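Asks: Need coordinates for the following:
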Amino acid sequence: MQKVFKTNICQINYSDSLQELVDETVKLLQNKIIEYRKFFGIEFDELIVINYFDNLEEFREFIYNIRGESESLSKYALATYDEGMVNAYIEPEGQRESLYTASHELFHIFYMKYILKNDYSKRIVWYDEGMAQFMSGEKDKYKDEEIFKKFYLRVREETKVGPNLNSLKHGESFYNSKYNCYDLSYLSIRYLNEILSPEEFRKLMFNFSLIKEYGNNIVDLMFNYFNEKLDVQVDRKVIK
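Replies: So this is what the prediction gives:
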C-alpha cells in the first residue's frame, strides 16, 4: 500500500499503479451504495475500506496476517472481504476488467452483516456468490439477449456434471474441470429473478430453508428453463 484516497463513502488504500481503478471505483460505489441500501433495507453510513494490491504475494500475506494462518486461500482467490473490508489483488493491465470487484465484495459484506448477522455458518455459498455477481453489475453485459445466449451455451456445454449446489464450498469442489459453480450460481440467481416477483426475489435472502430447497435441484430447473426460453436444442443430459 502506497497511497490513500478518501471520500465520504470510502477509503481506498492502493498501489500507485491502480489509480485508474480507484477513480472508477468511487464513481461506481456512489450509485451502488444507494442500490444496496434499498435492496437490503438499511441505512448504511459507515466508511467502506478497500485495499487494492498490485502484488499477489503482498495481497496473500495481508490476508493471512488477518486470519492468523497461511493455508485457507485457494489458488484462484484474488479478492476477499475479511474484516468487513474489500481486499483484492489487481493486475495493473487488467484494471478495467476489475471494476466490479469492489461492488461484488461489498455485496458479500452487507449480506454477511445484515442478513447472516456475522454468522458464517449460515452462509449458503452458491446463493451468496450468485447474488454478488448478479447485483454488483459485473454481469450486466448479459442483459443483451444475444450475448447472454452465447454465455449460456458455453456454460451449458462446459458443465459435464450437474452438482447439488447446496453441497459445495469454495475450492476444488466449486470450480473444476467438470463445472464452474460461479457461472452456475449466477445463472441460478438469474433464473430465480425471472420466475419470482421483485419482492419475492428480495425476500428470498432472508429465507435460508427456501434457498436450500431451491439449491437441491436448481441446476436442472435453470437449464430446463433457459433451454426452453432460448430455444436451445439439447442432445445430451448433464450427468448428476
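Asks: OK, contacts around L192?
Replies: By C-beta atoms under 8 Å, 6 or more residues apart in numbering, L192 lies in contact with 201, 204, 214, 218. Yep, even glycine has a C-beta here, placed from its N, CA and C like the rest.
Asks: Which one (most neighbours) among the residues you listed?
Replies: I218 (26 neighbours; other C-beta atoms under 10 Å).
Asks: Would you work out how far apart the start and end of stretch 61-79 are?
Replies: The first residue of stretch 61-79 is 13 Å away from its last residue (C-alpha to C-alpha, to the nearest Å).
Asks: Can you list the buried residues in it?
Replies: Neighbour-count burial for stretch 61-79, with 16 or more other C-beta atoms under 10 Å as criterion, is recorded at 62-63, 73, 78-79.
Asks: I'd like those written out as CSV, with distance to M131, pLDDT and secondary structure added.
Replies: Below are the buried residues of stretch 61-79 laid out as CSV (distance: C-beta to C-beta, whole Å; pLDDT from 0 to 100; DSSP: H, G, I helix; E, B strand; the rest coil):
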residue, distance to M131, pLDDT, secondary structure
F62, 26, 96, helix
I63, 22, 96, helix
L73, 22, 89, coil
L78, 19, 92, coil
A79, 16, 93, strand
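Asks: Could you dump these into TSV and include distance to S185?
Replies: What follows is these, written out as TSV (distance: C-beta to C-beta, whole Å):
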residue	distance to S185
F62	26
I63	22
L73	20
L78	17
A79	16
